[in-house]
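**Student:** Provide a 3D model corresponding to the input given below.
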Amino acid sequence: MKPHALTPRLALLLTLPPLLWAGNAVVGRLAVGAVPPVALNFTRWLLAFALLWPLGRRALADRAALAERWPHLALLGLLGMGSYNALQYLALHSSTPLNVTLIAASMPAWMLAFGMLLHGVRPTGRELAGALLSLAGVALVIARGEPARLAELKFVAGDLLMLLAVVSWALYSWLLARPPASMRDEQRPDWDWAGFLLVQIAFGLTWSGAAAGVEALVADDARWHWSPWVPAILLYVAVGPSLVAYRCWGLGVSTVGPAVASFFGNLTPVFAAILSAALLGEVPRWYHGAAFALIVGGIWWSTRRAR
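**Tutor:** Residues are numbered from 1 along each chain as shown. Now for the predicted structure:
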């Protein structure tokens, strides 16, 4: 299926997930010391499953369709729910929201690479140029408008975990865009968006539940430390970056393709910088606006049709 042109509606649809995921990075950092990271991921998806159940439960009753397609669905659950978010929450124990979202900004490169290696989709010159523009915007935020600051940036173990998370997400997005024959056209099950997402969450809970069990057995401190903030954190991560963001991302990826959609992921560090600054009582600076312009310029250039 040929990707559609980028419209204002699609642009808005693909801008919302980065905003919610930026909030997820900041909230995940706030959860450090209160909720174990892998348990946070499992609880997040357990709550999302409960909230989505009334809308999508019919899909789980389709036993024949599930039995035929379970390898693909299990892989989606592993990459999109079981791995990506758990790795991100683990990363935030030793890294910062800004570092984590900076590493996530390498997503277009991974999307383009996997598209070429796995599906023979060669990146265009516009896509490569757009990726460079977007990354320049991210670098401007990290440097706070002073390029010399980039030399002072330090990476830690959590950054490697986030890099693994990015690879997981890139593979997940291509699985959504290029599903097997049993999930396409007339062979596709009669599931709406809620049913399809609920099925992914169900498989993801198997992976994340097992990982949370291992964490409880081997982690030095896998205890929960309850405070008034913990329920608010759980509610946000279950609704915003889970249900709303995944719905919007799934629609965007299936419409414009994962390569184009990945450019919008570069908005995440900008949003993370603004949210982090807001929590510290600081106002956004000029370089936030300049970075936003560069990232949007990269999105526009990469999706602009050649004459």
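**Student:** drop to CA atoms for contacts and neighbour counts, all remaining ones
**Tutor:** Fine.
**Student:** Show me where this structure has its strands.
**Tutor:** Counting by DSSP state E, one finds no strands in the chain.
**Student:** so what does the biggest helix by length in it touch, helix or strand wise?
**Tutor:** Secondary structure of the chain per DSSP state H: the longest helix is helix 193-218. On a contact count with 3 or more CA pairs under 8 Å, 6 or more residues apart in numbering; DSSP states H and E, helix 193-218 meets helix 37-60, helix 63-76.
**Student:** quick one: that helix to helix 37-60, angle?
**Tutor:** For helix 193-218 against helix 37-60, the angle by axes from the mean of the first three to the mean of the last three CA atoms, to 10 degrees is 150 degrees.
**Student:** Determine which stretch of the helices and strands packed on helix 193-218 is the most buried.
**Tutor:** Neighbour counts (mean count of other CA atoms under 10 Å) averaged over each of these peak at helix 37-60, with a mean of 20.
**Student:** ok, back up a step: could you dump the helices and strands packed on helix 193-218 to CSV with distance to residue 84 and mean pLDDT?
**Tutor:** CSV is the format used below for the helices and strands packed on helix 193-218 (distance: least, CA to CA, whole Å; pLDDT from 0 to 100):
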stretch, distance to residue 84, mean pLDDT
helix 37-60, 9, 94
helix 63-76, 11, 91
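**Student:** Adding distance to residue 119, write those out as TSV.
**Tutor:** Below are the helices and strands packed on helix 193-218 laid out as TSV (distance: least, CA to CA, whole Å):
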stretch	distance to residue 119
helix 37-60	29
helix 63-76	16
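**Student:** For the longest helix of the chain, buried residues please.
**Tutor:** Going by neighbour count (16 or more other CA atoms under 10 Å), the buried part of helix 193-218 is 194-212, 215-216.
**Student:** now do stretch 242-262
**Tutor:** Buried residues in stretch 242-262, defined by neighbour count with 16+ other CA under 10 Å: 242-243, 245-262.
**Student:** In PDB, list the C-alpha atoms belonging to that stretch.
**Tutor:** What follows is stretch 242-262, C-alpha atoms only, in PDB (Å, rounded to 0.1, in the frame of the first residue of the first chain):
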ATOM      1  CA  SER A 242      -0.400   4.000  26.200                       C
ATOM      2  CA  LEU A 243      -4.000   4.100  24.900                       C
ATOM      3  CA  VAL A 244      -4.100   7.600  23.300                       C
ATOM      4  CA  ALA A 245      -0.500   7.600  21.900                       C
ATOM      5  CA  TYR A 246      -0.600   4.000  20.600                       C
ATOM      6  CA  ARG A 247      -3.900   4.600  18.800                       C
ATOM      7  CA  CYS A 248      -2.600   7.800  17.200                       C
ATOM      8  CA  TRP A 249       0.700   6.200  16.300                       C
ATOM      9  CA  GLY A 250      -0.900   3.100  14.800                       C
ATOM     10  CA  LEU A 251      -3.100   5.300  12.600                       C
ATOM     11  CA  GLY A 252      -0.300   7.500  11.500                       C
ATOM     12  CA  VAL A 253       2.100   4.600  10.700                       C
ATOM     13  CA  SER A 254      -0.500   2.700   8.700                       C
ATOM     14  CA  THR A 255      -1.300   5.800   6.700                       C
ATOM     15  CA  VAL A 256       2.100   7.600   5.900                       C
ATOM     16  CA  GLY A 257       4.500   4.700   6.700                       C
ATOM     17  CA  PRO A 258       7.000   4.200   9.500                       C
ATOM     18  CA  ALA A 259       9.800   6.200   7.900                       C
ATOM     19  CA  VAL A 260       7.800   9.400   7.700                       C
ATOM     20  CA  ALA A 261       6.100   8.900  11.000                       C
ATOM     21  CA  SER A 262       9.500   8.400  12.700                       C
END
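**Student:** what comes into contact with that stretch?
**Tutor:** Here stretch 242-262 makes contact (CA atoms under 8 Å, 6 or more residues apart in numbering) with 3-6, 10, 13-14, 16-18, 20-21, 44-45, 48, 52, 107-108, 111-112, 115, 127, 173-174, 176-177, 193, 197, 299, 302-303.
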